[in-house]
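A.B. asks: Structure of the sequence below:
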Amino acid sequence: MEEKTGTPYITFIIVAVVSLLIGGGAGFFGAMYYVPMMNPNNLNMANNQMGSENNQMPVPSVIYSVIGTIKSVSGNTFVLSVDSKMFGSNISERTVSINSKTVFVKLTHKDKAVFQKEIDAFMKKMNSMSGKENATTTSPEPPMSYTEKTVSSPKLAKGMNVMVRADENIKNKSSFTASKVEIPDSEMVKEARSSGIIQ
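C.D. replies: Prediction:
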């Protein structure tokens, strides 16, 4: 397991805690804006700009994932409707291609009681490590509010909300090939919509 120390780990924990606090579906979608900040170059930019511009997070320069609603499907491609202001790209639609290497994953909201126990256990471990961090510290992974299940070629349809990931920087790309397509369940989508994260 990769060890996480220093500023990157601190940023990771902040993202995780925010995700836990704002709810399952909202946390999954909302945290995606901050995940690109884990890129070392983006972390340096964030550290330099944090505290300026009314404490708003800076726009990442490298983006590997995007959230949106499927507008249309044709063969091995689909058009994803996204927030045109997302990441400062001004691109409202992105054409996504899928191939034999694309992985499809269905996300299912965890039972709240189960997830709460996982959070409590995680926070207990974090508290026990407080003040003991060093270069060799191996930190616990924060729990996710959902489970993942790999599926084979699910039927994609107009109106579905998905998270699409790529192996390249897609910030300013209107078309790209997906390395992974994540399909959240209806409860996660409902929570994200109620929080205004997706339309």
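
A.B. asks: Just the buried residues of the top helix by length along the chain, please?
C.D. replies: In the chain, assigned by DSSP state H, the helix with the most residues is helix 112-129. The neighbour-count check on helix 112-129 (16 or more other C-beta atoms under 10 Å) flags 115, 118, 119, 122 as buried. All C-beta spots, glycine's among them, are computed from the backbone N, C-alpha and C.

A.B. asks: Name the next helix or strand downstream of it, please.
C.D. replies: strand 146-151 (DSSP states H and E).

A.B. asks: all strands of the protein, in order?
C.D. replies: Assigned by DSSP state E, the chain shows strands spanning 65-74, 77-81, 93-97, 103-109, 146-151, 161-165, 175-177, 180-184.

A.B. asks: Now render the ones you listed as JSON lines, adding distance to residue 128 and mean pLDDT.
C.D. replies: Formatted as JSON lines, the strands of the chain follow (distance: least, C-beta to C-beta, whole Å; pLDDT from 0 to 100):
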{"stretch": "strand 65-74", "distance to residue 128": "33", "mean pLDDT": "92"}
{"stretch": "strand 77-81", "distance to residue 128": "43", "mean pLDDT": "95"}
{"stretch": "strand 93-97", "distance to residue 128": "43", "mean pLDDT": "95"}
{"stretch": "strand 103-109", "distance to residue 128": "29", "mean pLDDT": "92"}
{"stretch": "strand 146-151", "distance to residue 128": "26", "mean pLDDT": "91"}
{"stretch": "strand 161-165", "distance to residue 128": "33", "mean pLDDT": "92"}
{"stretch": "strand 175-177", "distance to residue 128": "43", "mean pLDDT": "96"}
{"stretch": "strand 180-184", "distance to residue 128": "32", "mean pLDDT": "93"}
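
A.B. asks: Residue 139 is nearest to which of these?
C.D. replies: strand 146-151 (21.3 Å; C-beta to C-beta).
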